[in-house]
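# Quick one: sequence plus predicted model below, questions after.
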Amino acid sequence: MKKIAFIGALAAFGHLLAVALYPFSSRFLDFESVAIIGLMDANIMLIVGWLGFGLSATATRDIALSGDWKKIISSTQSARLTLSLVFMITGIVGLNVFDGNRYFWLALVVAPFLAANYDYLLYGLGRPVSASVVSFLRQSIPLIIFCLLLFLGVADSDYYMPLIIVFAVLSAYAVSVLVKSPFLYKLDPFFMKIYWASVSIGIAGLVLGMQRYGFINMLEEHLTSSEIVQLLVSLKCMLFVVACKRMLIQIFYTKLLDDQIAFKINIFCMASAIATIGTCWIFPDFLSSILFDSQDAADILRVMSLGVFSVLFFAVSDSKLLLIRKDRWMSISTVLTGLVFVSIIFSFRNELRLVDIVGLMVFFEFVLSFAYWVGLVYYKKTILKGGV
C-alpha cells in the first residue's frame, strides 16, 4: 500500500506541475511566449507517440508476459532509434523548406534524444516505483527548473526544449543503470519489420496522438495566443487524467485479467470522475481563475470536467483488450474516432469557438472509451462461448 501511495503521490505531483506550467508561466511571460512553450510541448508529445507507434505498448505487454525481456527491448529500441534518425532528417528539411509549423519540425529534429528513453521497460518488469521515479526525472524535473528560472527572471521560452532534451537523455541513462542494459542500442536497417508487427496499434497510436494534442497545429493560426494557452491547459488537464489512469493500470497491469481487480479499478475511476465533475460545477469561477488565470473561462472548465468521465469510463477496457491480444478492435475504434475528430476540427477550424473545440475533445474521448468497452464485452462473451 505504501508503494502505491508513493507512486501515486509522485505521479500526481508531476502531472500537476505540467498543468500548472501554463498559468505559472503566464505570470512571467506574455501569452505568445506561453503559447510557444505549449506548441513545443504538444509536438514533443506527438513525436514521442509516433516513435512508439504501438511498439511501447506491445513491448510492455510482451515483457510482462515473457521472460526474455532483453531480446524484446533490444529490437524495440533499435527500431525506435532508427526511425528517430529518419524523423531528424525530415525535420531538418522541413525547417529549411517550409514556413509554417516551426515547432513541429523542431520536435522532429530532436527525435533521437526522445527515442533514447525506454522507461516503459520498468513497467513491463513489474518495477513501478523505479519507473515512476525515472518518469518524474524525465517529465517533472525540467519543469521545476524552468519555473525556477522564470521566477528568477533569467529564462524565456527558448530554455524549454533544451531542458526536455537533457532530462530525456538522463532518464534513458538511469534506466540503463537500473536494469544493467545498454544506454543506446545499435541501429536496425530493417526497423520497418519491427514496426510492421504492431502496425495496427501503431496507426491507432498515431491517430490518437493527433486527436489528443497534434490537432493544435491546425488551430495555431485561427486562435489567439490567450485562446491557445487556454486550450493547452484544457488538454493538459485531460492528459493528466489519462496519465493517472495509465499509472494506476500499470501498477496492476499483470493482474488486470482478474475480473475482481478490474472491477475495483473501474469503480474507483468512476467515483473519481463524478467527484471531479461535482467539484468543477460547484466552484467553476474559483477553479477557472486558478487554471486559466481568468474567471471568464468557467464554461470551458465545466465542459472540460466532463472529459474526466469520458477518459475514465470503464478505464481498464483498452488495456484488457491488449492483454487478450484483441488489438484489431482497439485499433479500428481509435483510428475511426480520431479521423472523424480531426476531420471536423480541420473542416470547421475557422468557425469553431474555443468552448466548441473543448466540447468536441470531450465527446470524442467518450466515444473512444465506449468503443473500447463494447469491444471488451463482445470478446469476453466470444471467449466464454469458446470462440476466437
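Nice, I can see it.
# what about Ala79, which SS state?
helix (DSSP: H, G, I helix; E, B strand; the rest coil).
# Low-confidence stretches in the stretch 201-350 of the chain?
293-296 (pLDDT under 70).
# Contacts for the helix or strand encompassing Val303, please.
Element membership for Val303, per DSSP states H and E: helix 298-312. Contacting residues not belonging to helix 298-312 are listed as 230, 234, 237-238, 241-242, 245, 269-270, 272-274, 276-277, 279-281, 284-285, 287-288, 291-292, 354-355, 358-359, 361-363, 365-366, 368-369 [CB atoms under 8 Å, 6 or more residues apart in numbering]. Just so you know, the C-beta spots here come from the backbone N, C-alpha and C atoms, and that holds for glycine as well.
# distance of Arg212 from Val311?
10 Å (CB to CB, to the nearest Å).
# Now the common contact residues for those two.
With CB under 8 Å, 6+ apart, Arg212 and Val311 have common neighbours Met238, Val242.
# So which of the contacts of helix 298-312 are in helices?
Judged by DSSP state H, helices contain the following of the contacts of helix 298-312: 230, 234, 237-238, 241-242, 245, 269-270, 272-274, 276-277, 279-281, 284-285, 287-288, 291, 354-355, 358-359, 361-363, 365-366, 368-369.
# Contacts only, for Leu184.
Gln77, Leu81, Ala116, Ala172.
# of the residues you listed, closest to Phe183?
Closest approach to Phe183 among these (CB to CB): Ala172, at 6.4 Å.
# I'd say that closest one and Phe183 touch.
Yes - using CB atoms under 8 Å, Ala172 is in contact with Phe183, at 6.4 Å.
# The two: which is more packed in?
Neighbours per residue, other CB atoms under 10 Å: of Ala172 and Phe183, the larger number sits with Ala172, 22 against 13.
# Disregarding residues adjacent in the polypeptide, which is nearest to Phe268?
The shortest distance from Phe268 to any non-neighbouring residue, by CB to CB, 6 or more residues apart in numbering, is to Leu248 (7.7 Å).
# Just say helix, strand or coil for that neighbour.
Counting by three-state DSSP, the backbone at Leu248 sits in helix.
# List the contacts of stretch 226-242.
Against stretch 226-242 from outside (CB under 8 Å, 6+ apart): 15-16, 18-19, 21-23, 26, 31, 34-35, 38-39, 41-42, 45, 212-213, 216, 219-220, 223, 276, 291-292, 294, 297, 300, 304, 307-308, 311-312, 354, 357-358, 361-362, 365.
# measure Leu352 to Leu29 for me?
Distance, Leu352 to Leu29, by CB to CB: 26 Å.
# same question but for Leu257, I mixed them up
Per CB to CB, Leu257 is found 48 Å from Leu29.
# Looking at these two now, which is surrounded by more residues?
Remark: of Leu257 and Leu29, Leu29 carries more neighbours, 18 against 13, as counted by other CB under 10 Å.
# mind listing what Phe113 touches?
Counting by CB under 8 Å, 6+ apart, Phe113 touches Ile165, Ala168, Val169.
# Make TSV out of those and add neighbour count, secondary structure and distance to Asp156.
Converted to TSV, these look like this (neighbours: other CB atoms under 10 Å; DSSP: H, G, I helix; E, B strand; the rest coil; distance: CB to CB, whole Å):
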residue	neighbour count	secondary structure	distance to Asp156
Ile165	17	helix	17
Ala168	22	helix	21
Val169	18	helix	23
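# got those residues as a markdown table, with pLDDT and distance to Ile344 columns?
Shown next, in a markdown table, are the contacts of Phe113 (pLDDT from 0 to 100; distance: CB to CB, whole Å):
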| residue | pLDDT | distance to Ile344 |
| --- | --- | --- |
| Ile165 | 93 | 34 |
| Ala168 | 91 | 33 |
| Val169 | 92 | 38 |
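# which residues in the chain form strands?
Counting by DSSP state E, one finds no strands in the chain.
# Per the annotation, how does it divide into domains?
1-196, 198-388 (automatic domain parsing).
# What's the local residue count around the closest residue to Gly126 other than its chain neighbours?
Once flanking residues are discounted, Gly126 sits nearest to Thr254: 6.4 Å by CB to CB, 6+ apart. Thr254 has 15 neighbours, counted by other CB under 10 Å.
# surely Thr254 meets Ala64?
Yes - contact criterion CB under 8 Å: Thr254 and Ala64 qualify, at 5.3 Å.
# Name the residues contacting each of those two.
Residues touching both Thr254 and Ala64 by CB under 8 Å, 6+ apart: Gly126.
# Thr76 reaches Gly124, doesn't it?
No - under the criterion of CB under 8 Å, Thr76 makes no contact with Gly124, lying 10.3 Å away.
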